[in-house]
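S.K.: I need the structure of the sequence given here:
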Amino acid sequence: MAYPQLTDKPGALETAALIRAGDLSVTEAVDAAITRIEHFDAEIDALAVPDFERAAATAKRMDREGAKDNQPLFGVPMTVKESFDVEGLQSCWGHAAHTDYIAPRDSELVRRLKAAGAVILGKTNVPTDLTDWQSFNPVYGRTCNPHDTSRSPGGSSGGSAAAVASGMVPCDFGTDIGGSVRVPAHFCGVWGHKSTWGLISKRGHDHPMLAKALGFVAAHDGVLSIAGPLARNAADLAMLMQISAQYTLGAHAKPLRQCRLLAITEHPGSPVDASVADPIKAAIDALRAAGISIDRTSRLIPDLEAQQAAYLRMMNTAMARGAPSPSGKHASAADWFDLLDAQAANEAHWARLFETYDFVLAPPAPVLAIPHIEGSVFRSTVRVNGQDLPAGGALAWAGLATFPNLPATVLPIGSGTYEGAELPCGMQVIGPRMGDLDCIGAAAAIGKILHG
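M.R.: You can find the predicted model right below:
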């Protein structure tokens with residue numbers, strides 16, 4: 001099963017290996033990435049905040065000094081989502097009113113990436129406040145999907161996915177609360193990983209309004225939201241997770257053919273368009289033909305309708321910081337504790353499911369890359385099998401792993417035709433809590449079966 005690939009440029013580990021072998025200098029790697037950005041980005045607009053001069057200076061210094069111990073990313077040029085603080089760079093989250101906020105120091109994630117040898121070329125585009133499946137704002141403009149520039153690359157890490165898919169950089173880091181890593185990976189045909197909640201520090205990922213009002217804020221890991229990598233292969237995802245994780249990650253390395261999988265392809269709150277359903281069915285059929293055990297139904301599946309309702313309440317309450325809902329009601333402490341109770345019960349339900357199953361397969365979203373629209377996707381509709389449905393329901397497939405704080409890897413599985421265009425399609429592989437490397441490993445094995 002082929003899937004659309006836009007570049008044959010080396011990934012992160014391959015780039016680092018070329019540099020270590022002396023076949024490529026850090027300066028050459030950085031200069032080549034900057035050239036690619038300058039060539040492609042006029043049309044795609046993935047890069048929001050360039051930092052080319054400092055990157056070039058860093059590359060020259062690294063060539064003089066050589067690699068230090070434990071630098072698997074030595075010399076690898078990459079970008080990060082605009083919302084992560086990088087010392088000396090603007091971080092406005094798409095708000096014209098906050099362009100005066102310049103980060104005083106690196107976020108914890110960026111510090112770890114630099115310590116591993118990465119060279120940060122700049123920061124990639126986002127929707128205002130990171131709240132859309134488009135990546136458009138009045139400061140940086142609109143990012144386009146490199147497969148079809150009339151379409152969205154997804155959001156809120158859309159600039160990240162577009163930069164990786166087009167070959168500008170081999171990897172990037174985004175964040176995800178409503179599919180903001182997984183949906184861009186799905187829309188752009190790259191690999192993305194939603195980490196277990198709390199596994200990667202989000203210190204230094206602060207709304208500029210708070211940072212300006214209170215000074216530099218060491219952000220706590222707010223509920224549901226995570227940081228996660230995007231790349232063009234599974235090995236790079238695994239390496240990026242090991243570099244960024246606050247805790248030591250282990251992997252069971254259980255062969256896929258010894259695993260029991262469950263496919264969830266129907267959701268009471270979110271029908272799936274044929275452009276997504278057909279490639280996923282084809283992938284499941286190919287896996288079964290290869291001897292992989294996959295169930296299509298199970299009594300262990302939680303009440304997905306109740307899960308979706310609680311997930312949306314928790315996400316909206318957290319993102320609004322308890323501000324009034326459309327009904328005018330503020331969230332009370334009792335409301336919040338009720339949501340925490342619902343989340344804990346849901347986590348326990350999924351933990352029981354993973355006593356029987358190793359992984360769950362599911363769509364990352366009910367549609368492929370959507371056409372650009374003015375305004376927010378979630379105040380509009382998406383077309384599913386010829387019907388215009390409220391876009392909020394599309395979040396159900398993100399919430400599947402987000403509400404119970406589970407890891408999920410998206411891999412590209414093929415393509416489908418949506419609204420007249422052939423576009424990439426992904427599938428998410430969800431696993432038990434802290435099973436991040438296992439999810440990535442299973443996704444890698446699935447990709448090998450599907451693509452050879």
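S.K.: Can you classify the residue lying farthest from the centre of the chain by secondary structure?
M.R.: Here the centre of the chain is the reference, and by CA atoms, centre = their mean the most remote residue is R64, at 34.4 Å. Secondary structure state of R64, per DSSP: H, G, I helix; E, B strand; the rest coil, is helix.
S.K.: Contacts only, for F173.
M.R.: By CB atoms under 8 Å, 6 or more residues apart in numbering, the residues touching F173 are V80, K81, F84, L109, L113, S160, A227, G228, P229, L230, L240, S244. All C-beta spots, glycine's among them, are computed from the backbone N, C-alpha and C.
S.K.: same deal with P302?
M.R.: P302 touches N346, H349, W350, L353, counting by CB under 8 Å, 6+ apart.
S.K.: show me the contacts for the residue nearest to the last one when sequence neighbours are not counted.
M.R.: Distances taken as CB to CB, 6 or more residues apart in numbering put L300 closest to L353, at 4.2 Å, once the chain neighbours are dropped. Taking CB under 8 Å, 6+ apart as the criterion, L300 is in contact with L262, H349, R352, L353, T356, Y357.
S.K.: Separate out the buried members of those.
M.R.: For those, a burial check counting by 16 or more other CB atoms under 10 Å picks out L262, L353, Y357.
S.K.: after the one helix or strand A306 maps to, next one along is what?
M.R.: Counting by DSSP states H and E, the element that carries A306 is helix 304-319. Tracing the chain past helix 304-319, the next element assigned as helix or strand by DSSP H and E is helix 333-356.
S.K.: Phi, psi for the nearest residue to I264 once chain neighbours are set aside please.
M.R.: Closest residue to I264 apart from its sequence neighbours, by CB to CB, 6+ apart: A362 at 4.7 Å. Dihedral pair for A362: phi -160, psi 160, per degrees, to the nearest 10.
S.K.: Name all residues that make contact with A362.
M.R.: By CB under 8 Å, 6+ apart, the neighbours of A362 are A263, I264, T265, W397, L400, M427, Q428, I430.
S.K.: Specify the beta-bridge partners of it.
M.R.: Q428 (DSSP bridges).
S.K.: Which pLDDT value goes with it?
M.R.: Looking at A362, its pLDDT reads 98.
S.K.: Could you do G250 as well?
M.R.: 88.
S.K.: now swap in S415 and tell me
M.R.: For S415, pLDDT reads 97.
S.K.: That one belongs to a strand?
M.R.: Yes - S415: assigned to a strand according to three-state DSSP.
S.K.: what about it, neighbour count?
M.R.: Neighbour count for S415, taken as other CB atoms under 10 Å: 20.
S.K.: and if you look at L224?
M.R.: By other CB under 10 Å, neighbour count at L224 equals 20.
S.K.: Now it: closest residue in space that isn't a chain neighbour?
M.R.: I177 (5.0 Å).
S.K.: same deal with R232?
M.R.: That would be G11: by CB to CB, 6+ apart, it lies 5.1 Å from R232.
S.K.: least trustworthy helix or strand in this structure by mean pLDDT?
M.R.: One helix or strand of the chain scores below all others by mean pLDDT, DSSP states H and E: helix 208-214, with a mean of 83.
S.K.: Any buried residues in it, and which?
M.R.: P208, A211.
S.K.: got it, and stretch 390-397?
M.R.: In stretch 390-397, counting by 16+ other CB under 10 Å, buried: A391, G392, G393, A394, L395, A396, W397.
S.K.: I'd like to know how far the spatially most central residue of the chain sits from S195.
M.R.: Note on the chain: the residue nearest the mean C-alpha position is V181, at 1.5 Å, using CA atoms, centre = their mean. Distance, V181 to S195, using CB to CB, to the nearest Å: 9 Å.
S.K.: Tell me the predicted confidence for F216.
M.R.: 59.
S.K.: got it, and G322?
M.R.: pLDDT at G322 comes out at 80.
S.K.: That one: how many residues sit nearby?
M.R.: Counted with other CB under 10 Å, G322 comes out at 13.
S.K.: surely it meets A333?
M.R.: No - using CB atoms under 8 Å, G322 is not in contact with A333, being 9.2 Å away.
S.K.: Surely the residue nearest to L353 forms part of a strand?
M.R.: No - the assignment for L300 is coil, going by three-state DSSP, so no strand is present there.
S.K.: how does the protein divide into domains?
M.R.: As given by automatic domain parsing, the domain ranges for the chain are 12-244, 256-451.
S.K.: So G414 versus P371, what's the distance?
M.R.: Separation of G414 from P371 (CB to CB): 21 Å.
S.K.: More neighbours: the two, which one.
M.R.: The neighbour comparison of G414 against P371 (other CB under 10 Å) goes to G414, with 21 against 15.
S.K.: pretty sure the more buried one contacts P279?
M.R.: Yes - the criterion here is CB under 8 Å, and G414 meets it with P279 at 4.2 Å.
S.K.: neighbours of the nearest residue to P50 once chain neighbours are set aside, just the number please.
M.R.: Nearest residue to P50, sequence neighbours excluded (CB to CB, 6+ apart): G122, at 4.1 Å. Applying other CB under 10 Å, we find 25 residues neighbouring G122.
S.K.: Got phi/psi on G122?
M.R.: phi 150, psi -160.
S.K.: which residues touch it?
M.R.: Taking CB under 8 Å, 6+ apart, one finds L47, A48, V49, P50, D51, F52, A55, T79, L89 in contact with G122.
S.K.: what would those look like in TSV with distance to A235?
M.R.: Compiled in TSV, these are given as follows (distance: CB to CB, whole Å):
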residue	distance to A235
L47	25
A48	28
V49	28
P50	28
D51	27
F52	28
A55	24
T79	19
L89	29
